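Engineer: I'd like to go over a predicted model; first the sequence, then the structure.
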Amino acid sequence: MGDIAAIIVAAGRGTRAGAGLHKQWRPLAGRPVLAHTLDAFRRAGLDRLVLVLHPDDMARAETLDLAGVTCVAGGDSRTASVRAALEALSASPPKLVLIHDGARPLVSGPEITGVITALAQAQAAAPALPVVDALWRGTEGTVTDTVPREGLHRAQTPQGFAFDAILAAHRAHQGTASDDVEIARAAGLAVAITEGSEDNLKLTHPEDFARAERLLAARQEGAMNIRLGNGYDVHRFGPGEGCWLCGVLVPHERALMGHSDADVGMHALTDSIYGALAQGDIGRHFPPSDPQWKGAASHIFLRHAVELARARGYRIGNCDVTLVCERPKIGPHAVAMQEALAGIMGCEAGRVSVKATTSERLGFTGREEGIAALATVCLIGV
Ligand code: MG
């Protein structure tokens, strides 16, 4: 998006949000408001950002991540501040420019791209919300008139423009304006209305910060969409040669007994995925009573569990399998097991751990009557 620049206007001195720090520097979820605003544009793919600051705040900007950001000192009005940023960009003019209030840190990707998309057809575009409440005029606590709301909109930002057009409009404009749409319209530009969002609030009053914190927490919860599961399985030794363990046939003088190939490690891992999805266990999806699964290769089960996870919007974050046995020795095969499991699950081997322990010759695993396996998985919502 090198041909699109975004101007973040933060040179104002709003103090209605509470005493002390100016609102664009106040902490929101532990970071300055402006840090959130800059990140919102970076997430939308914009890498040419101009931050317009009060001259007294230029040093404070060093506390922000300024990758791709040019800081410009603002003027004594919003209009003058935007003009300063446009002039700074004019040395190497972008095709489009988005102009955004720094105090709107919750602007979303769809709102930003909605404006950019509209600019393919229009010289100017900006998000807004239709007014749904009835509107009154009032004086000294008394309603003096009702105002028809038809066609009324609440203006938001970012307001987007063809760069050359808005630069010319600003250069021609006399005095101040409440926003850049006003300046664009004064210059005769048609401004398309795009879809705004209730969440794209302009932090103004102390209660706005509380609301923004709640919205950010909810978004974070959405981003932290993870599910954990565990699995445990045991198979006993019986006559045979070699044991299937985590997708690898490990040489041994005995084999593991079971309905399928008795890959105890893969079964534990498969159950951990079903568990993370709250979808029961292998027995529920592949009943042992059904003869078609007799002697089945366990990768059928594991692949089914991974596909079920994928269908529900999850991928493997990581998984960890522990085999409990005295023999065979697992260490020499651990890497091959990791790669085999990763191949079946369609993920990088670095997301898969296979390790082993003995049980100090105690219990059934210590007496080499069988092998136990435990598995943990983390599924990440995509
Ligand atoms: Mg089993």
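Structural biologist: Right, received. Where do you want to start?

Engineer: how far out from the middle of the chain is the helix or strand where residue 211 lies?
Structural biologist: Per DSSP states H and E: residue 211 is located in helix 206-223. Put simply, helix 206-223 sits 14 Å off its chain's centre (Cα atoms, centre = their mean, to the nearest Å).

Engineer: in the chain, which residue sits closest to the ion?
Structural biologist: Closest contact between the chain and the ion, by Cβ to the ion, is at residue 267 (3.5 Å). All C-beta spots, glycine's among them, are computed from the backbone N, C-alpha and C.

Engineer: does that residue belong to a helix, a strand or coil?
Structural biologist: Here residue 267 is helix, with the state taken from DSSP: H, G, I helix; E, B strand; the rest coil.

Engineer: ok now do it, which residues does it touch?
Structural biologist: Residues in contact with residue 267 (Cβ atoms under 8 Å, 6 or more residues apart in numbering) are 231, 233, 235, 260, 282, 298, 301, 373.

Engineer: just confirm the first one is within a strand.
Structural biologist: Read that as residue 231. Yes: membership of residue 231 in a strand is supported by three-state DSSP.

Engineer: beta-bridge partners for it, please?
Structural biologist: Residue 231 forms beta bridges with residue 375, as assigned by DSSP bridges.

Engineer: all helices of the stretch 51-200 of the chain, in order?
Structural biologist: Secondary structure of the stretch 51-200 of the chain (DSSP state H, counting those that start in this stretch): helices at 78-89, 109-118, 163-172, 180-186.

Engineer: can you put those helices in TSV and add mean pLDDT and distance to residue 361?
Structural biologist: Shown next, in TSV, are the helices of the stretch 51-200 of the chain (pLDDT from 0 to 100; distance: least, Cβ to Cβ, whole Å):
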stretch	mean pLDDT	distance to residue 361
helix 78-89	97	74
helix 109-118	96	58
helix 163-172	98	76
helix 180-186	98	77
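
Engineer: the ones you listed: which one's closest to residue 24?
Structural biologist: The stretch from the helices of the stretch 51-200 of the chain with the least distance to residue 24 (Cβ to Cβ) is helix 78-89; that distance is 12.1 Å.

Engineer: show me what the closest one is packed against.
Structural biologist: Secondary-structure packing of helix 78-89 (3 or more Cβ pairs under 8 Å, 6 or more residues apart in numbering; DSSP states H and E): strand 4-10, strand 49-53, strand 69-73, strand 96-101, helix 163-172.

Engineer: mean neighbour count, the ones you listed: which tops it?
Structural biologist: Highest mean neighbour count of these: strand 4-10, a mean of 27 (counted as mean count of other Cβ atoms under 10 Å).

Engineer: each with direction, which strands does the next helix or strand after it pair with?
Structural biologist: Heading C-terminal from strand 4-10, the first helix or strand you meet, by DSSP H and E, is strand 27-28. The sheet places strand 27-28 alongside strand 31-32 (antiparallel), with pairing taken from DSSP bridges.

Engineer: can you list contacts of the partner strand?
Structural biologist: Around strand 31-32, the neighbours that count as contacts under Cβ under 8 Å, 6+ apart are 24-26, 63-64.

Engineer: how about 6 Å then?
Structural biologist: If you take Cβ atoms under 6 Å, 6 or more residues apart in numbering as the criterion, strand 31-32 is touched by residue 25.

Engineer: with stretch 326-340 instead?
Structural biologist: Outside stretch 326-340, the residues that touch it by Cβ under 6 Å, 6+ apart are 246-248, 250, 252, 323, 349, 352, 354, 356, 358, 368.

Engineer: out of these, list just those in strands.
Structural biologist: Counted as lying in strands by DSSP state E, out of those, are 248, 250, 323, 352, 354, 356.

Engineer: count of residues packed around the fifth one?
Structural biologist: Right, residue 354. Residues lying near residue 354 (other Cβ atoms under 10 Å) number 28.

Engineer: got a list of what it touches?
Structural biologist: Contacts of residue 354 (Cβ under 6 Å, 6+ apart): 246, 321, 334, 337-338.

Engineer: so what pLDDT did it get?
Structural biologist: At residue 354, the model reports a pLDDT of 98.

Engineer: check the third one too.
Structural biologist: What the model reports for residue 323 is a pLDDT of 98.

Engineer: report the beta-bridge partners for it.
Structural biologist: residue 356, residue 373.

Engineer: measure residue 77 to residue 176 for me?
Structural biologist: Distance of residue 77 to residue 176, computed by Cβ to Cβ, to the nearest Å: 5 Å.

Engineer: now residue 272: phi and psi?
Structural biologist: With angles defined as degrees, to the nearest 10, residue 272 sits at phi -60, psi -40.

Engineer: surely it touches residue 232?
Structural biologist: No: counting by Cβ atoms under 6 Å, residue 272 stays clear of residue 232, with 8.7 Å between them.

Engineer: quick one, which of these two is more surrounded?
Structural biologist: Using other Cβ under 10 Å as the criterion, residue 272 and residue 232 rank with residue 272 on top: 27 against 17.

Engineer: ok, for that one, nearest residue in space, not its chain neighbours?
Structural biologist: Distances taken as Cβ to Cβ, 6 or more residues apart in numbering place residue 231 nearest to residue 272, at 3.6 Å, with adjacent residues excluded.

Engineer: residue 210: how many residues sit nearby?
Structural biologist: Using other Cβ under 10 Å, residue 210 is surrounded by 10 other residues.

Engineer: this completes my enquiry, with thanks.
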